[in-house]
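Q: Quick one, fold the following:
(2 chains, ligands or ions: 1)
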Amino acid sequence: MEPFTVLDAAAAPLDMSNVDTGLIIPARFTRKPRRSGYQDYLFHDLRFRKDGSEAPGFVLNREGFRDARILVADRNFGAGSSREQAVWSLLDYGIRCVIAADFGEILEANALKCGLLPVRLDAESCLHLRGLLHAEPGARIRVDLAAQRVTGPDGVAYGFDIPPFRKTCLLGGLDDIDITRQHDAAFLAFETAYRQRYDWLFDAE
Amino acid sequence: MAETMYDKIWNAHAIVERDDGQTLLYVPRHIVQEGSRFAFEFLQDRGLTVRRPRQMLASPQMSISTRRRDIEEITNPDQRLTVELLIENTRKFGVTHYGLDDPRQGIVHVVAPELGFVQPGTVLIIGDSHTCTAGAMGTLAIGVGATDVLHVLATQSIWQRKMRSLRITVDGILPEGVTAKDVILTIVGRIGANGGKGHVFEYAGSAIRAMSVEERLTVCNMSIEAGARSGMIAPDDTTFDYLAGRQFAPRGASWDRALRYWRSLPSDEAARFDREIHIDAATLAPMVTWGTSPEDVVPVDGRIPDPRAEPDAERRAHMEKTLGYMGLAPGTPVTDIAVDQVFIGSCTNARIEDLRAASAMIRGRRAVVPAFVVPGSTQVKHMAEAEGLDVIFRKAGFGWGEASCSMCVGMNGDTVGAGKRCVATISRSAAGRQGRGSRTHLVSPAAAAAAALTGRITDIRKMGA
Ligand code: SF4
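A: Below you'll find the model as predicted:
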């Protein structure tokens, strides 16, 4: 995982609540090989018309927002299906941070594990930030993970919460398997006892 | 201290707890389907191997064709590849694979209980959000993404944060014509699509106790639609009778020991839940969704709600947008809504009892709109055929397919056209779920069959005999 420290980048406003993972990436693209990249599937049915041409109204198709690396959304971003491809499509597009009032639970967990930073700010702050971005397309937001601080284009800063453990992982680019391996002795002792206690689960072996 | 069932199962699987509140849970049961291709890809990229392949099962469910049990029938090359990769990966790592030619193939959420692979008091992980279905067996069943699947493959464990507990007690007797699907649609409507966030549900009460395992599976299946991490139901004699004799169920002395453990699982009398919701079964009606979220639900004898009557601005905006997408006018009686097609299938409602309930509606009548029935597993399909249900469906003009997810996700040409209205027994009605521009109304299997016969959304309580 690529470490996340400070991100100072263009941000795009997404004025929608309850953006579910099916909107982030429609199911029909979720079988695509990972190595070829998922950037083109991000918000596919919002971004493109049926004939494949760009939908001019969609925010990421507008000047100033195309190269956004930060997304400012509204309530309940990423609800619905557990598909992790939603996070990949955001990452592959270049987005490394989504700011929203709250997140679909699985998406939030997946994001943290894959190196996409979900930042929760209250709905009013999200609205304010989106307003600034609309007023000045291409405006930048600065996200400082170590300081847990988001600074808007108007210089107003907001603090945010992140579990300390996830913060360490993101800052250091460490993933879960690296960490679990540090507990291997505990795992093996636990497993031996478990297999004795619930031996019927292993009868079929 | 008094414990909930969730506490008990959690404690029995906790290996280590981290100071950030994350706990490493042991994973005795893991199932993979086509969606696992990425996890296997990452596993091999990192030079890792599957830690406990014997604690796993695999079956293709989503990318496969409903026409024939043949990989060549899968027209989309990306989809076909996922099925081929599942064969390749399971062979490479020694995982039991119930493929297209195996009578045990099916949607994994249907197969897991059907084979007795998922048992009370265990932790089940599947890389799919409807994993919560298996909670009906008294299991902590958690749906995860590919990164977590990779972690389970590599370590046979998973990091989780303990959720809060929410008990939903449904007491009383369900009125005639009200099914398990109507119970869970009511619950999702009441709690809201994100209202269960951060919680694990326990469904309790006399109405739940009176349900068969199959009905309970339908209830738990849609826990995720209320935003819950999972949902579960205490195991009881209904569960044990269901499990006895199934392929992976313990036998002989093992059964007795297992039973002793299973009987210790229900929440202690004095256990406290973080939240409680009570529902009176007698007040429930058949339910229908009218919008793109399963919380957009009304009784079948109700009307499409009017956004102008909604005080919350955000909810009002959602309603207006949804009604536009669905092509519905506020105030329309639900039973006036004409439908274009019907789908009976999915891990929500394609077990044998669902197919029996749907076929029982037919009574010699014919479908007046295209209708398609897809059993949830090959075992269900064989059972239904042995009972002659396929003949009833076919004679009535319903299509009859091979077990798969099919029209639940609009795969392999099993789609709903843009702007077309489909009454379906599935779990989600999101925009485009059944094909671009598709409009979905969620109902029970009997109500779906009734809609096929009348061409409109139908109150099964008023269907003449
Ligand atoms: S039937 Fe539908 S909800 Fe169930 S696993 Fe398949 S796609 Fe998912």
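Q: next helix or strand past the worst-scoring helix or strand of chain A on mean pLDDT?
A: Using mean pLDDT, DSSP states H and E, the weakest-scoring helix or strand in chain A turns out to be helix A:105-114, at a mean of 87. Downstream of helix A:105-114, the next assigned helix or strand under DSSP states H and E is strand A:117-120.
Q: helices or strands up against that next one?
A: Counting contacts by 3 or more Cβ pairs under 8 Å, 6 or more residues apart in numbering or on different chains; DSSP states H and E, strand A:117-120 is packed against strand A:97-100, helix A:105-114. Yep, even glycine has a C-beta here, placed from its N, CA and C like the rest.
Q: how about the ones you listed in a markdown table, adding mean neighbour count?
A: Shown next, in a markdown table, are these (neighbours: other Cβ atoms under 10 Å in any protein chain shown):
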| stretch | mean neighbour count |
| --- | --- |
| strand A:97-100 | 25 |
| helix A:105-114 | 24 |
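Q: which stretches of chain A form strands?
A: All strands of chain A, identified by DSSP state E, fall at A:6-13, A:70-72, A:97-100, A:117-120, A:140-144, A:149-151, A:157-159.
Q: likewise the stretch 201-350 of chain B?
A: B:230-232, B:275-280, B:287-289, B:297-299, B:341-344 (DSSP state E, counting those that start in this stretch).
Q: Which one of these lies nearest to B:Thr332?
A: Nearest of the strands of the stretch 201-350 of chain B to B:Thr332, taken as Cβ to Cβ: strand B:297-299 at 10.5 Å.
Q: Report the strands that pair with the closest one, each with its relative direction.
A: Strand B:297-299 pairs in its sheet with strand B:287-289 (antiparallel), by DSSP bridges.
Q: outside of the strand it pairs with, which residues touch it?
A: B:181-182, B:185-186, B:189, B:296-300, B:334, B:429, B:440-443, B:447, B:457 (Cβ atoms under 8 Å, 6 or more residues apart in numbering or on different chains).
Q: same question, stretch B:416-426
A: By Cβ under 8 Å, 6+ apart, stretch B:416-426 touches B:181, B:326-327, B:337-346, B:348-350, B:354, B:358, B:407-408, B:410, B:433-445, B:447-448, B:451-452, B:457.
Q: now stretch A:118-132
A: A:11, A:13-15, A:72-75, A:77, A:97-103, A:107-108, A:111-112, A:139, A:141, A:143, A:150, A:152-154, A:156, A:158, A:160-161.
Q: in chain A, which spans are helices?
A: For chain A, helices defined by DSSP state H occupy the ranges A:21-24, A:44-47, A:85-93, A:105-114, A:123-135, A:164-172, A:176-180, A:184-197.
Q: In CSV, list those along with distance to A:Phe58.
A: Formatted as CSV, those follow (distance: least, Cβ to Cβ, whole Å):
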stretch, distance to A:Phe58
helix A:21-24, 11
helix A:44-47, 5
helix A:85-93, 13
helix A:105-114, 20
helix A:123-135, 14
helix A:164-172, 29
helix A:176-180, 34
helix A:184-197, 47
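Q: Among those, which comes closest to B:Glu72?
A: Proximity to B:Glu72 (Cβ to Cβ) singles out helix A:85-93 among those, at 26.0 Å.
Q: so which of the strands of chain A is the most packed in?
A: Looking across the strands of chain A with neighbours counted as mean count of other Cβ atoms under 10 Å in any protein chain shown, the highest average goes to strand A:70-72: a mean of 27.
Q: Show me what that one is packed against.
A: Using 3+ Cβ pairs under 8 Å, 6+ apart: strand A:70-72 touches strand A:6-13, strand A:97-100, helix A:123-135, strand A:140-144.
Q: Let's see that with 6 Å instead.
A: Counting contacts by 3 or more Cβ pairs under 6 Å, 6 or more residues apart in numbering or on different chains; DSSP states H and E, strand A:70-72 packs against strand A:6-13, strand A:97-100, helix A:123-135.
Q: need the ones you listed in a markdown table with mean pLDDT and distance to B:Asn11, can you?
A: Output for the helices and strands packed on strand A:70-72, formatted as a markdown table (pLDDT from 0 to 100; distance: least, Cβ to Cβ, whole Å):
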| stretch | mean pLDDT | distance to B:Asn11 |
| --- | --- | --- |
| strand A:6-13 | 97 | 40 |
| strand A:97-100 | 98 | 34 |
| helix A:123-135 | 97 | 37 |
